[in-house]
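[1] here are the coordinates; sequence isn't available:
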């Protein structure tokens, strides 16, 4: 299963991706964590990229994912779609979308981080709460408009991790029930969150918790 971890800045993407990689490995699965190219680029250059540098970062993220070994679970800490959306929001440049969306379609499951974690200024990548909210709205819109299924993940610590594992289990169950091949696409099995058209974190979180509590024992 190829899993994309998406979300605005300071939404817990890297923490969740690394924990999933660690736990799946502990359980005996083969897993691969694909790090975020943008974060490493900013750390190396001590600045954020300008408009004409975005394309190389997007291509590097795609290449890292393509070069990853064949494993039970590939977990990507962001995809090129993150770069494409930032390019539109910050530079009014939509040219990266075709490349980014083609890559995004290859994932079996997309997890979008909810904005229920406190925003913390941390390093030169941080653009602030206003950009964080705008990015979250744009990300959901792009995924929905392209028919790419996604699950919104809320909670802190173990709760957020368990919610992500539940979303993965649900996708695997859907694939098994429909007798799909091991490699499935979000278009074939659109795992849309029940509130994916709503940006109310508390509403989504309550609904997610209710669904988990209602599942058969």
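    Yes, it's here. Model, not experiment: these values are computed from the prediction.
[2] Low-confidence ranges, this protein, go.
    Residue ranges of the chain with pLDDT under 70: 121-129, 179-217.
[3] any chance you could map the strands in it?
    Taking DSSP state E as the test, the strands found in the chain are 2-6, 31-34, 73-77, 109-113, 151-153.
[4] Partner strands of the last one and their direction?
    Within its sheet, strand 151-153 is paired with strand 109-113 (parallel), according to DSSP bridges.
[5] between the strand it pairs with and strand 73-77, how many degrees?
    40 degrees (axes from the mean of the first three to the mean of the last three CA atoms, to 10 degrees).
[6] circling back: nearest to residue 120, of the strands of the chain?
    strand 109-113 (14.1 Å; CB to CB). Every C-beta, even on glycine, is put in place using the N, C-alpha and C of the backbone.
[7] Distance from the closest one to the middle of the chain?
    On the basis of CA atoms, centre = their mean, to the nearest Å, strand 109-113 sits 4 Å off its chain's mean C-alpha point.
[8] Over to stretch 80-94?
    Stretch 80-94 sits 15 Å away from the centroid of its parent chain (CA atoms, centre = their mean).
[9] Buried residues, that stretch. List them.
    80-88, 90, 93 (16 or more other CB atoms under 10 Å).
[10] Kindly present those as a markdown table, with separate columns for distance to residue 19.
    What follows is the buried residues of stretch 80-94, written out as a markdown table (distance: CB to CB, whole Å):
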| residue | distance to residue 19 |
| --- | --- |
| 80 | 23 |
| 81 | 22 |
| 82 | 19 |
| 83 | 24 |
| 84 | 26 |
| 85 | 24 |
| 86 | 25 |
| 87 | 29 |
| 88 | 30 |
| 90 | 29 |
| 93 | 33 |
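[11] Filter those residues down to just the ones in helices.
    80-88, 90 (DSSP state H).
[12] Looking at these, spot the one nearest residue 99.
    residue 80 (6.3 Å).
[13] since we're on residue 61, how many residues are nearby?
    Here the number of neighbours of residue 61 (other CB atoms under 10 Å) works out to 26.
[14] I'd like to know how far it sits from residue 83.
    Taking CB to CB, to the nearest Å as the measure, residue 61 falls 7 Å from residue 83.
[15] max-length helix in the chain?
    Criterion DSSP H: the longest helix present in the chain is helix 158-177.
[16] Buried residues in that one, which are they?
    Taking 16+ other CB under 10 Å as the criterion, helix 158-177 shows 160-161, 163-164, 166-168, 170-171, 174-175 as buried.
[17] repeat for stretch 9-17
    9-13, 15-17.
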